Structures are given as C-alpha cells and as structure tokens.
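[1] sequence first, predicted coordinates after that:
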Amino acid sequence: MRIELTVTEAVELARASGALPPFVRSVTGEGDDVRVVLDLREVPDPPSALRLAARLVPVVRGTLRVESFVAGTAVVAVEASAAGLPAHKLLGMAEGPLQGALRSKGLPADAVRVLPDARLALDVQALLAAGLAGTLPGLEITDLAYAAGTLRVEARL
C-alpha cells in the first residue's frame with residue numbers, strides 16, 4: 001500500500017496521537033526539506049548542558065533532509081542554528097532528551113541515534129510498529145521518501 005501525507009497532515013496526526021513532544025514548536029515542509037522550530041525551555045528533564053543552552057539560546061531552528069532509507073531506518077541530515085550559531089554541531093546533546101521523549105510516549109528510545117556529521121538514524125519501522133501496535137499490528141514499512149512537501153510511505157500488512 002502507498003500512503004502519502006503532507007508535512008502538515010503528518011504533524012496533525014502526531015499531535016492528535018500525542019506523539020509530538022512539547023518542545024516542538026512548529027514543523028513545516030519546504031521543497032525537499034522539513035523545517036523544525038524547537039523551544040529548548042520545554043524539554044522535560046534536560047541534562048545540565050542543555051538547560052544552560054536553553055537559557056542562552058532558547059529557540060533552535062532546524063532543517064531536516066532524508067538521505068536514505070534502508071531496512072526500516074531513515075538517515076536524516078540535520079542542519080540547525082540557534083541565534084545564528086551552528087547548533088547541529090551539538091546534536092549529541094539532544095540524543096538523551098529525544099530518547100526520553102520517546103520513552104515517555106511508550107515508544108522505543110533506541111529508535112533514535114545520533115550519527116557523526118550531524119545526522120540522525122530514525123528506526124521508522126520500530127517507531128510505527130510501537131505506535132500503531134493496537135491499530136495496525138504487523139505493519140511493515142518497505143520504503144520512505146520525502147520530496148516536494150510530501151511524505152511517501154510504502155508499506156505492507
């Protein structure tokens with residue numbers, strides 16, 4: 001089956017299901033990029049380094065681009081700035097809070113890993129399987145792409 005969603009539709013679904021963390025202020029699609037605005041002050045139980053960063057520069061703007069999708073895992077390039085500074089170089093500080101947000105929603109925390117060169121590995125298959133276990137058990141994502149403002153998912157039951 002093929003599922004196509006705009007970024008706006010995907011965000012509305014995430015909000016409705018409670019999957020969107022409170023620190024995500026906005027998510028929009030622009031061409032092949034997804035733009036995200038985060039409010040670091042809203043991160044629950046941040047590590048001390050992130051708490052200090054939130055006092056100095058509370059808002060982070062990021063651009064995400066899907067680089068690849070293999071075996072259920074998407075590799076996403078991240079470019080982020082906070083007050084004009086290259087915040088993506090500090091992506092490692094966000095791994096713990098991201099995993100904590102997933103854990104608090106009952107999702108597998110290890111489904112997000114920070115990779116070298118400001119990239120994230122997102123185990124989309126594990127996240128969707130956990131999030132949709134009661135609704136669509138056995139859903140398998142076979143392909144994922146994002147282009148021109150539309151998320152395209154190929155899946156089978």
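    Nice, thanks for sending it over. Numbering: from 1, shown residues only.
[2] so where's the longest strand in this protein?
    strand 59-70 (DSSP state E).
[3] what is the subsequent helix or strand relative to that strand?
    Toward the C-terminus, strand 59-70 is succeeded by strand 73-82 as the next helix or strand (DSSP states H and E).
[4] partners of the helix or strand just after that following strand, with directions?
    As assigned by DSSP H and E, the chain's next helix or strand after strand 73-82 is strand 85-86. If you go by DSSP bridges, strand 85-86 pairs up with strand 73-82 (antiparallel).
[5] sec struct for the residue positioned nearest the centre of the chain, please.
    Central residue of the chain (Cα atoms, centre = their mean): L122, 7.5 Å from the mean position. Put simply, L122 is strand when judged by DSSP: H, G, I helix; E, B strand; the rest coil.
[6] do you know how far it is from E67?
    As for L122, its distance to E67 is 11 Å (criterion: Cβ to Cβ, to the nearest Å). Yep, even glycine has a C-beta here, placed from its N, CA and C like the rest.
[7] any residues in contact with both of these two?
    75-76 (Cβ atoms under 8 Å, 6 or more residues apart in numbering).
[8] can I have stretch 111-128 written out in PDB, keeping just the CAs?
    The C-alpha trace of stretch 111-128 is given here as PDB (Å, rounded to 0.1, in the frame of the first residue of the first chain):
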ATOM      1  CA  ALA A 111      14.800   4.200  17.700                       C
ATOM      2  CA  VAL A 112      16.700   7.500  17.500                       C
ATOM      3  CA  ARG A 113      20.500   7.500  17.300                       C
ATOM      4  CA  VAL A 114      22.800  10.500  16.700                       C
ATOM      5  CA  LEU A 115      25.400   9.700  14.000                       C
ATOM      6  CA  PRO A 116      28.600  11.500  13.000                       C
ATOM      7  CA  ASP A 117      28.400  14.500  10.700                       C
ATOM      8  CA  ALA A 118      25.100  15.900  12.100                       C
ATOM      9  CA  ARG A 119      22.900  13.100  11.100                       C
ATOM     10  CA  LEU A 120      20.200  11.000  12.800                       C
ATOM     11  CA  ALA A 121      19.200   7.400  12.400                       C
ATOM     12  CA  LEU A 122      15.500   7.000  12.900                       C
ATOM     13  CA  ASP A 123      14.100   3.500  13.100                       C
ATOM     14  CA  VAL A 124      10.900   4.300  11.400                       C
ATOM     15  CA  GLN A 125       9.800   0.700  11.400                       C
ATOM     16  CA  ALA A 126      10.200   0.300  15.200                       C
ATOM     17  CA  LEU A 127       8.500   3.700  15.900                       C
ATOM     18  CA  LEU A 128       5.500   3.000  13.700                       C
END
